[in-house]
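Q: Pasting the sequence and the predicted coordinates here, then a few questions.
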Amino acid sequence: MVNSINKRKDIITPEKAASFIPIFISSCISILLFIFFVLPQYIKSNKVNLELNGLIKKKNDLDNLKSQYKKTNQEFEKLTKEKEKIIELISGTSNLDTLLSKFGEIGKNNNIEFISIIPRKIVGFVPIKPSTNAGNKNQNENLIIDPLLVEGTKKYLVDFTLKADFLNLLSFLRELEFQENIILVDDINLKLKQRNTKTVKSAETLDIKLSMTIYGKI
């Protein structure tokens, strides 16, 4: 028993205690510095690094979105120009009033006497609605689609009553073909002023009724 006590005293000596205490204190300070300074800084550094990576990813995504937007915008401009060309090919650059004044000029050049010009109907472009239910589906099926009537155009149905001889009428119709607007003759009715004549001579005056479809800009 005495020997064991003496051994313990030999283990813990003042010299050993004097060297152990600074080591212990240094270790405690190091642990405290690690817990309260190094570890928070490490966590903060990782957080900043994650935020930085997130910002870099967002920047890359933003660059990709800008590139996609630029490409989409170019495609949109291209489609817009194509649409404008289609509208111009169909309706030209004239509205109904301007076109009717041209009719007067063309008629005057070809000795056409206009008796009446009656706009019968104006038809605008109607977009086809998606078939969400049976009602819309039946409505779309009953809708008459005009491939020449596009967005930005109108269709004018006009009845003309005029007088002219046969050759002047042909010249008048030929000149209408060269107008920038699309002009369709839906119906034409010719009558001789003198019904007792069996054959039509080119110089004889005809009573003419024309039904036309004219495409123009809005």
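A: Done, it's in.

Q: just the strands in this protein please.
A: 113-124, 153-165, 183-192, 205-217 (DSSP state E).

Q: so how far is residue 211 from the residue lying closest to residue 119 once chain neighbours are set aside?
A: Using Cβ to Cβ, 6 or more residues apart in numbering and skipping residues adjacent in sequence, the residue nearest residue 119 is residue 158, 5.2 Å away. Just so you know, the C-beta spots here come from the backbone N, C-alpha and C atoms, and that holds for glycine as well. Per Cβ to Cβ, to the nearest Å, residue 158 is found 8 Å from residue 211.

Q: go on, residue 82?
A: To residue 211, residue 82 is 32 Å away according to Cβ to Cβ.

Q: now residue 187
A: Taking Cβ to Cβ, one finds residue 187 at 4 Å from residue 211.

Q: okay, the two: which has more neighbours?
A: The neighbour comparison of residue 187 against residue 211 (other Cβ atoms under 10 Å) goes to residue 211, with 16 against 9.

Q: which neighbours do residue 158 and residue 211 share?
A: residue 120 (Cβ atoms under 8 Å, 6 or more residues apart in numbering).

Q: these two touch, right, residue 208 and residue 163?
A: Yes - Residue 208 is within contact range of residue 163, at 6.8 Å (criterion: Cβ atoms under 8 Å).

Q: Looking at those two, which is more packed in?
A: It is residue 208, of residue 208 and residue 163, that has more neighbours when counted by other Cβ under 10 Å, with 20 against 16.

Q: circling back: with distance to residue 77 and mean pLDDT added, can I get the strands of the chain in a markdown table?
A: Listed next are the strands of the chain as a markdown table, based on distance: least, Cβ to Cβ, whole Å; pLDDT from 0 to 100:
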| stretch | distance to residue 77 | mean pLDDT |
| --- | --- | --- |
| strand 113-124 | 26 | 88 |
| strand 153-165 | 21 | 90 |
| strand 183-192 | 31 | 89 |
| strand 205-217 | 20 | 88 |
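
Q: Of all the ones you listed, which one is nearest residue 71?
A: strand 153-165 (29.1 Å; Cβ to Cβ).

Q: Show me what residue 191 is bridged to.
A: Counting by DSSP bridges, residue 191 is bridged to residue 207.

Q: Thanks again, I'm all set now.
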